[in-house]
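Visitor: Take this sequence and fold it.
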Amino acid sequence: MAAHLHRVVIVGAGFGGLEATYRLAGAPVEITLIDRRNHHLFQPLLYQVATASLATSEIAWPIRHLMRDRREVTTLFATVSGVDAERRCVLIDDGSEVPYDTLVLATGARHAYFGHDEWEQWAPGLKTLEDATTLRRHILVAFERAERETDPARRAARLTFVIVGAGPTGVELAGTIAEMAHHTLPGDFRNIDTTKARVVLIEAGPRVLAGFADDLSAYAQASLEKIGVEVVLGQAVTEINREGVVFGGKLLEAKTRIWAAGVRASPAAEWLGAPADRAGRVQVEADLTIPGHPEIFAIGDTVSINAWDGKPVPGIAPAAKQQGRHVAETIRARLGGAATGPFRYKHAGSLAQIGKRLAVIDFGKVKLRGTIAWWIWGIAHIYFLIGLRHRLSVALSWLWIYARDQRAARLITQGSSKVV
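Guide: Have a look, this model is predicted:
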């Protein structure tokens, strides 16, 4: 009987896991790709689904469709519950097991509420398509309920939107909601003035977009304030409840609260008993392997590694793709008996959209802002989408928004009568 091919199991079909799968094409391996969802998600544009700019189908692709021509790849729609490193098996929540020779953990991250998990019911985060459609419902229903509200205080609460955390996701959400209220919706309602909606962005740190250069951060804040966003800096949120958000010792009544302040890694470190940082990210070796387990790799938001000129690698899509590529190259080299080197991250730049004609880009020595940065931001995101149809669809949606201030995905779904 012929010996089996080298078995590679990849857990997670995000940017890192998918890149590793692509880069192993033609290698003498059989691959099992496991994900608890049946689609690959382009997370950088997830907030555009939440703010009714794009439809879910424009930023997600069925994994099976992506792998349809890869006969050596088996796709499993399943939830991983653990790893038996001694027996080299991935444990599935239905009690089954998937054996491996090499394991790649690309399991991503989840929301982190800094010890206040009870806040999640009042301030949902944004990591999945389900999160995005839920937030879209909250945002759109807020305007609908305000249209029917006769009490001025309750109406004001309906028209107050609070975003906690001023990283790229928080900034992009705040800017887009403000533009929706000021430019997209005013002609649609009769009893409310949507331009009176309050969009409040709260950040515990001293500035927005802390990962960007100081001048770009200042520009982003000024731009947000110009389009109607209230930016609150240096204030930590101390409570979130049914009525609103407490910061600075005062309650701000708001019926729509969005969490964009922090993430926590998947439980991969717990599965393996591996060292982890405060956010639960596995502290991997220089080649992205788990300490003591050279046959197990971890990549993306699952890991913490200082491979960017001695600095931590950021939790962004390009970093995950580079790590996936490195893992695939390492597996190929090992199968060929060659030596491998450490992972080195090459930063291509940081990008964030502020509004439909405003963005900031930090390429290190080169920094861009304003409309030209917005065009580059859009072109870069369209380039990384999968498939010509999706690129054309997103480009047309953005051009329509740019020209007409109209967002075609303003659909309330998932039980429109309920709102928190």
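
Visitor: ok now do the residue nearest to residue 14 when sequence neighbours are not counted, which residues does it touch?
Guide: Once flanking residues are discounted, residue 14 sits nearest to residue 108: 5.4 Å by C-beta to C-beta, 6 or more residues apart in numbering. Where C-beta positions appear, they are placed from N, C-alpha and C, glycine not excepted. In this structure, residue 108 makes contact with 12, 14, 127, 265-266, 300-302, judged by C-beta atoms under 8 Å, 6 or more residues apart in numbering.

Visitor: residue boundaries of the strands in the stretch 301-420 of the chain?
Guide: 303-304, 350-355, 358-362, 367-370 (DSSP state E, counting those that start in this stretch).

Visitor: Give me the contacts around the last one.
Guide: So the one you mean is strand 367-370. Contacts for strand 367-370 (C-beta under 8 Å, 6+ apart): 213, 215-216, 219, 357-361, 376.

Visitor: same deal with the longest one?
Guide: Contacts made with strand 350-355 from outside it, assessed by C-beta under 8 Å, 6+ apart, are listed as 168, 171-172, 175-176, 178-179, 209, 211-212, 220, 223-224, 227, 314, 316, 359-362, 373-374, 376-377, 380.

Visitor: and those residues, which are buried?
Guide: By neighbour count, with 16 or more other C-beta atoms under 10 Å, the contacts of strand 350-355 hold 168, 171-172, 175-176, 178-179, 209, 212, 220, 223-224, 227, 316, 359-362, 373-374, 376-377 as buried.

Visitor: Just the ones of the residues you listed in helices?
Guide: The helices, defined by DSSP state H, take in 168, 171-172, 175-176, 178-179, 220, 223-224, 373-374, 376-377 from the buried ones among the contacts of strand 350-355.

Visitor: Throw those residues into a markdown table and include distance to residue 81 and pLDDT, thanks.
Guide: Output for these, formatted as a markdown table (distance: C-beta to C-beta, whole Å; pLDDT from 0 to 100):
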| residue | distance to residue 81 | pLDDT |
| --- | --- | --- |
| 168 | 32 | 96 |
| 171 | 36 | 98 |
| 172 | 34 | 97 |
| 175 | 39 | 97 |
| 176 | 37 | 96 |
| 178 | 42 | 97 |
| 179 | 42 | 94 |
| 220 | 41 | 98 |
| 223 | 45 | 97 |
| 224 | 42 | 98 |
| 373 | 43 | 96 |
| 374 | 43 | 95 |
| 376 | 42 | 95 |
| 377 | 39 | 96 |
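
Visitor: Ramachandran angles for the most centrally placed residue in the chain?
Guide: By C-alpha atoms, centre = their mean, the chain has its centre lying nearest to residue 43, at 4.2 Å. The phi and psi values for residue 43, taken as degrees, to the nearest 10, are phi -60, psi -30.

Visitor: confidence score at residue 1?
Guide: Residue 1 is assigned 40 on the pLDDT scale.

Visitor: one step back: settle this for me: the residue nearest to the centre of the chain is touching residue 127, isn't it.
Guide: Yes - here residue 43 lies in contact with residue 127, judged by C-beta atoms under 8 Å, at a distance of 7.4 Å.

Visitor: Out of the ones in helices among the buried ones among the contacts of strand 350-355, which is nearest to residue 138?
Guide: Closest to residue 138 out of those is residue 176 (14.1 Å), distances taken as C-beta to C-beta.

Visitor: measure the closest one to residue 183 for me?
Guide: 11 Å (C-beta to C-beta, to the nearest Å).

Visitor: What about the nearest residue to the residue nearest to the centre of the chain once chain neighbours are set aside, how many residues nearby?
Guide: Leaving aside its sequence neighbours, residue 43 sits nearest to residue 317 (C-beta to C-beta, 6+ apart; 6.8 Å). Using other C-beta atoms under 10 Å, residue 317 is surrounded by 19 other residues.

Visitor: list the contacts for residue 317?
Guide: Counting by C-beta under 8 Å, 6+ apart, the residues that residue 317 touches are 15, 43-44, 384.

Visitor: got it, and residue 31?
Guide: Residues counted as contacts of residue 31 (C-beta under 8 Å, 6+ apart) are 8-10, 21, 24, 70, 72-74.

Visitor: one more time with 6 Å, if that's ok
Guide: Shown in contact with residue 31 (C-beta atoms under 6 Å, 6 or more residues apart in numbering): 8, 72-73.

Visitor: Show me what it is bridged to.
Guide: Counting by DSSP bridges, residue 31 forms beta bridges with residue 8, residue 73.

Visitor: Now do it against residue 288, distance only.
Guide: Counting by C-beta to C-beta, the gap from residue 31 to residue 288 is 17 Å.

Visitor: Same question for residue 295.
Guide: According to C-beta to C-beta, residue 295 and residue 288 sit 12 Å apart.

Visitor: Residue 109 contacts residue 265, doesn't it?
Guide: Yes - the pair residue 109 / residue 265 is scored as a contact, 5.2 Å apart, by C-beta atoms under 6 Å.

Visitor: These two: which has the busier surroundings?
Guide: Comparing residue 109 with residue 265 by neighbour count (other C-beta under 10 Å), the higher total belongs to residue 265, at 25 against 19.

Visitor: The more buried one against residue 111, yeah?
Guide: No - using C-beta under 6 Å, residue 265 is not in contact with residue 111, being 11.3 Å away.
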